[in-house]
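Asks: the following comprises the amino acid sequence and a computationally predicted model.
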Amino acid sequence: MKLKYIATLAAASVLSISGTALFSNSAIASSFFSTDSSVIVAGNPCASVNPCASVNPCASVNPCASVNPCASVNPCASVNPCASVNPCASVNPCAAAANTSQFVTVGSGKKTEGTFQVVEEDGKQYIEFSDDFETSRGPDVEIILHKDATVEASIAESDYISLASIKSFSGTQRYEIPENVDLSDYASVAVWCEDFNVTFGYAEL
């Protein structure tokens, strides 16, 4: 029995570094040390602190192991074990959130809430508002790009360009960004009333 145990360990290619055992065969490692947190399987070199651990829906193949095994380099680790750099990005709730911006109401008289994101489709870029977007009603309300990250209640004509008149005061909607507009020249998207030069709300690009 003892010889069989030693032979099995040899087959598992055990290597000890600073008192920690590493196994090239994760199945064998699991069978002998499934409850030992000091054992780090070679297929997942940061198992004890890895955001791709047992709670990870991708754990069976661990796509995070080779590119992002440790939480310290994963900005989304606390809420999602699969970071934006791994193959699970499409189902990453953190990845989606990282690409959206929250609207902020300007002043107390006009409400603007919800989020937007920049989307690309068929070679064109759009500002797309979320389902929960909502803003106050008013005359001549426009969607604009503004040069500043924070948009004041009243703005100067030289600091913005208008994308279009608002399509709806609530819900999902898109605004095409003209091909000759460089988004890097602007820092925010705003809901603005031209008639009274009043900003209802804005969100950073």
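Replies: Yep, that arrived. Numbers count the residues shown, from 1 in each chain.
Asks: residue 184 in helix, strand or coil?
Replies: Counting by DSSP: H, G, I helix; E, B strand; the rest coil, the backbone at residue 184 sits in helix.
Asks: now do the helices in the chain.
Replies: 2-11, 26-33, 93-98 (DSSP state H).
Asks: do you know how far the residue nearest to residue 164 when sequence neighbours are not counted is from residue 109?
Replies: The spatially closest residue to residue 164, leaving aside those adjacent along the chain, is residue 175, at 5.3 Å (Cβ to Cβ, 6 or more residues apart in numbering). For every residue, glycine as well, the C-beta is placed using N, CA and C. Per Cβ to Cβ, to the nearest Å, residue 175 is found 24 Å from residue 109.
Asks: endpoint to endpoint, stretch 150-170 covers what distance?
Replies: 22 Å (Cα to Cα, to the nearest Å).
Asks: again with stretch 131-142
Replies: Note: stretch 131-142 ends 19 Å apart using Cα to Cα.
Asks: and if you look at stretch 142-159?
Replies: Across stretch 142-159, first to last residue, Cα to Cα, it's 14 Å.
Asks: correct me if wrong: the residue nearest to residue 164 contacts residue 126.
Replies: Yes - if you go by Cβ atoms under 8 Å, residue 175 and residue 126 touch, sitting 6.3 Å apart.
Asks: of these two, who's got more company?
Replies: residue 175 (21 against 17; other Cβ atoms under 10 Å).
Asks: got the confidence number for the more buried one?
Replies: In this model, residue 175 is scored at 98, pLDDT.
Asks: where's it relative to residue 189, distance?
Replies: Taking Cβ to Cβ, one finds residue 175 at 8 Å from residue 189.
Asks: quick one: low-confidence parts of the protein?
Replies: Residues of the chain meeting the criterion pLDDT under 70: 1-98.
Asks: what ranges do the strands span in it?
Replies: Secondary structure of the chain by DSSP state E: the strands cover 15-17, 20-23, 40-41, 100-102, 104-105, 112-113, 115-121, 124-129, 134-135, 141-146, 160-165, 173-177, 188-193, 198-204.
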